[in-house]
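# What follows is a predicted structure for the sequence shown.
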Amino acid sequence: MVLTQTCDIVRPCLARPFIELAPLVEVTEEVAHEIERGYRPNYAIVPALRAARLVADLDRTTTVEKPVLASWSRTPGWTTDEQARAFARGLARKRVRFAFPDDFNGLVRPLQSRILEKHDKGSDEGRALRALREIRVTASPSWDAPASVELFFSFVRNDAEPTFKGTGWDSYLEKWLKLVPPSGRFTAVEGVVLTLGDMTAQEYVDSDALDLDYLSSRDDGGAG
């Protein structure tokens, strides 16, 4: 998969001699769903290869000189502007994801496990989780504060506002927040389910997106 932007590919070799590539790897359908939801930032969905469950492995990028690429046959990775934007967001997420503190990673682990367990299930909670665009969290006064840090979770849902066999979003919000009880320097945990249109631009940029692939403590070899 070519990761270099077209504008840089067409520039003269003297100015930009290299092309960045990522290998395509096959994943399970479950992992493909998690990638689509932004929970696996080390991968990016390639729309044209979605049916084959082939994704770009962003952990194993490399470079080649442009003349090497010129001899290859090109297969477009997408057919619409929205698909191109989605792929670009996947690339950006790999680089801009926030490095959460280790104690927060431990605190949020039960919520992480619940999402991974229920996301693809046929249950009402599974459908509710699939209706979420992303989960963002804000720490006040800051992530580095030594004590009395208040957490606020924003469960950002799609614009449609369904109930699930009479169960509304408030019920799921209460259930999810119970999985993140205050502990240690995190003295308060609150949250809301809302749409992107309900958030201000300032609220969005002041919050950080949760990546399930990244929410692991050093005890089990993850980054934190």
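Noted; the coordinates are in hand. Residues are numbered from 1 along each chain as shown.
# Could you measure from Pro181 over to Thr187?
Applying C-beta to C-beta, to the nearest Å, the value for Pro181 to Thr187 is 11 Å. In short, each C-beta sits where N, CA and C put it, glycine included.
# can you check Lys66 too?
Counting by C-beta to C-beta, the gap from Lys66 to Thr187 is 55 Å.
# Tell me which of the two has more neighbours.
Lys66 (17 against 12; other C-beta atoms under 10 Å).
# Show the contacting residues for that one.
By C-beta atoms under 8 Å, 6 or more residues apart in numbering, Lys66 lies in contact with Ile9, Cys13, Arg16, Pro17, Phe18, Ile19.
# What about those residues, which one has the most neighbours?
That'd be Ile19 among those, by other C-beta under 10 Å, with 19 neighbours.
# Okay, and that one sits in which element?
Secondary structure from DSSP states H and E places Ile19 in strand 18-21.
# Quick one: residues in contact with that strand.
Contacts for strand 18-21 (C-beta under 8 Å, 6+ apart): 1-4, 9, 61-66, 68-69.
# Ok, stretch 182-191 next?
Applying C-beta under 8 Å, 6+ apart, the contact partners of stretch 182-191 are 103-104, 107, 145-155, 173, 176-177, 180-181.
# Ignoring the adjacent residues along the chain, who's closest to the most centrally placed residue in the chain?
Among the residues of the chain, the one closest to the centroid is Gly38, at 2.5 Å (C-alpha atoms, centre = their mean). Leaving aside its sequence neighbours, Gly38 sits nearest to Glu134 (C-beta to C-beta, 6 or more residues apart in numbering; 5.7 Å).
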